[in-house]
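S.K.: Model the structure of this input:
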Amino acid sequence: MLRLLTAGESHGRALVAILEGLPAGVPVRREDIARELARRRQGYGRGPRMGLESDSFEILAGVRHGRTLGSPVAILIENAEWPKWREVMSPDPAAGEVTPITRPRPGHADLPGVMKYGFDDVRNVLERASARETAARVAAGALARSFLGLFGVDVVSHVVAVGGVRARVGAPGPGENPRVDASRLRCLDPEAEEAMVARVEEARRRGDTVGGVFEVIAYGLPPGLGSYVQWDRRLDARIAAAVMSIPAVKGVEVGDGFALADLPGSLAHDEILPGPEGPRRRTARAGGLEGGMTTGDPLRVRAAMKPLSSLGSPLRTVDIRTGEEAEAVRERSDVCAVPAAAVVAEAVVALVLADAFLEKFGGDSVEETGANLRAYLGSLERRFRGRPEGQIPLVTEG
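M.R.: Below is the predicted model:
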């Protein structure tokens, strides 16, 4: 239902996001987009570029008087450093010679990219492979969040671990992103956060980087988003793909994920109990997804982010021009970007959920989507609520 395209290079003139498929009538507030872009720039351990970029943006199409029109929405995000890079990044063949980068970084897209496209200059790869592109996804995600918010859905995130230090405090609730954002590392455990900061500083002194784990939680989802009938419609697969597409993310789990592999089946699944509001689950190990569909419980996804591959003390590599051993190129980078990655993950999860929402409920306008949602929830209430415990009908009664 939703289709997102992004364009632009890290040091090019601008980034562009085009989001197609949102119904008409979704509120679009500049301050909401600006807030999400600012959240992406925050986090202890970020590099100096975050202090230079203001993420000034312009809505080019698809919005009139603060509401979507049902046509594609286009957003342009300026790169503040473009004037300094105008000659290096010029599309004009007459711009002059530029010294190529020939020493790819281990762990980055550099070497596979030059192999794939036949480039002699790594910059042709790293400019687009850079995590700068995620600013466009965050801007588009702000629109998806606005759409979901009309129906009571809220997406939050927090950092679970940095540099091997793990938090011991539970997850944020709905509407608690501001509380999480008040933390330097978006971590709700102050004691663990201090140890995380120390790990970041230790890595900075060594010219190194650190990774970590973050968690995204979506509250207020109805049951039945996604589908089990085809592999590519399973919502857990779609969410995992979206989160894995964030640069440096190397693993994704839903609910208790990998920990379930160590448990017997009797302890791994969420027992279903009757109740006055309908069937409910006694535990939340599945993370709000069963059989590729939402259960109505909070959806919980975790991701592991590797340390960034741009190091102050570069690793060994091969110069693609000479074939000889060399030091990898130094590119300005962060020491730790786990808090920012969590904000990006909120955006991509919101986009997937909005897509699944529209797949289930359709609608060319938000009023039509809302009417379809209310009809669906009403049918569930008639089937499952207000009945003696254990008497759940298998078919809708006329």
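S.K.: Can you show me the helices along the stretch 201-350 of the chain?
M.R.: Along the stretch 201-350 of the chain, counting by DSSP state H, counting those that start in this stretch, helices occupy 235-244, 265-268, 338-361.
S.K.: of all the ones you listed, which lies closest to Glu215?
M.R.: Judged by CB to CB, the one of the helices of the stretch 201-350 of the chain that comes nearest to Glu215 is helix 338-361, at 7.6 Å. For every residue, glycine as well, the C-beta is placed using N, CA and C.
S.K.: That closest one: how far from the chain's middle?
M.R.: 6 Å (CA atoms, centre = their mean, to the nearest Å).
S.K.: Nearest approach to Thr294 belongs to which of the helices of the stretch 201-350 of the chain?
M.R.: Closest to Thr294 of the helices of the stretch 201-350 of the chain, according to CB to CB: helix 235-244, at 6.5 Å.
S.K.: tell me what that closest one is packed against?
M.R.: If contacts are counted by 3 or more CB pairs under 8 Å, 6 or more residues apart in numbering; DSSP states H and E, helix 235-244 sits against strand 249-254, strand 299-305, helix 338-361.
S.K.: Please point out which parts of stretch 3-16 sit buried.
M.R.: By neighbour count on 16 or more other CB atoms under 10 Å, the buried set for stretch 3-16 is 4, 6, 8-16.
S.K.: Next step: the residues you listed restricted to strands.
M.R.: 4, 6, 14-16 (DSSP state E).
S.K.: In TSV: the residues you listed, plus distance to Ala341 and pLDDT.
M.R.: Converted to TSV, these look like this (distance: CB to CB, whole Å; pLDDT from 0 to 100):
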residue	distance to Ala341	pLDDT
Leu4	18	98
Thr6	17	98
Ala14	22	96
Leu15	17	97
Val16	22	98
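S.K.: Out of those, give me the two with the largest separation.
M.R.: Among these, Leu4 and Ala14 lie farthest apart (CB to CB), at 16.6 Å.
S.K.: nearest to Glu202, of the helices and strands packed on helix 235-244?
M.R.: Of all the helices and strands packed on helix 235-244, it is helix 338-361 that lies closest to Glu202, at 15.3 Å by CB to CB.
S.K.: by contact count, what packs against that closest one?
M.R.: helix 30-41, helix 134-149, strand 154-162, strand 212-219, helix 235-244, strand 299-305, helix 366-384.
S.K.: looking at the ones you listed, which is closest to Glu202?
M.R.: strand 154-162 (11.4 Å).
S.K.: The closest one packs against which elements?
M.R.: helix 134-149, helix 177-181, helix 190-206, strand 212-219, helix 338-361.
S.K.: out of those, which comes closest to Ser227?
M.R.: Ser227 lies closest, by CB to CB, to one member of the helices and strands packed on strand 154-162: helix 338-361, at 8.2 Å.
S.K.: For the closest one, the averaged confidence score.
M.R.: Helix 338-361 carries an average pLDDT of 98.
S.K.: same check, this time on stretch 164-182
M.R.: The model assigns stretch 164-182 a mean pLDDT of 95.
S.K.: Start and end of that stretch, how far apart?
M.R.: 22 Å (CA to CA, to the nearest Å).
S.K.: looking at the helices and strands packed on helix 235-244, which is buried most?
M.R.: Most buried of the helices and strands packed on helix 235-244, by mean neighbour count (mean count of other CB atoms under 10 Å): helix 338-361, with a mean of 25.
S.K.: the inter-axis angle of that one versus strand 3-7?
M.R.: 140 degrees (axes from the mean of the first three to the mean of the last three CA atoms, to 10 degrees).
S.K.: what angle do helix 338-361 and helix 235-244 make?
M.R.: 150 degrees.
S.K.: What is the neighbour count of Ala61?
M.R.: Residue neighbour count, defined by other CB atoms under 10 Å, stands at 13 for Ala61.
S.K.: Is the nearest residue to it once chain neighbours are set aside bridged to anything, and to what?
M.R.: Nearest non-adjacent residue to Ala61, counting by CB to CB, 6 or more residues apart in numbering: Ala74, 4.2 Å away. Ala74 forms beta bridges with Ile18, Ala61, as assigned by DSSP bridges.
S.K.: gap between Ala74 and Ser245?
M.R.: Note on Ala74: its distance to Ser245, by CB to CB, to the nearest Å, is 21 Å.
S.K.: Leu373 too?
M.R.: Going from Leu373 to Ser245 by CB to CB gives 28 Å.
S.K.: Neighbour count: the two, which is higher?
M.R.: Neighbours of Leu373 and Ser245, each counted by other CB under 10 Å, are more numerous for Leu373; the result is 19 against 12.
S.K.: In contact with that one, which residues are there?
M.R.: For Leu373, the contact set (CB atoms under 8 Å, 6 or more residues apart in numbering) comprises 151, 222, 361.
S.K.: before we move on, the earlier item: go through the ones in strands among the buried residues of stretch 3-16 and name the one nearest Val114.
M.R.: Nearest to Val114 among these, with distances taken as CB to CB, is Thr6, at 21.9 Å.
S.K.: Disregarding flanking residues, what is the spatial nearest neighbour of that closest one?
M.R.: Closest residue to Thr6 apart from its sequence neighbours, by CB to CB, 6+ apart: Ala136 at 4.0 Å.
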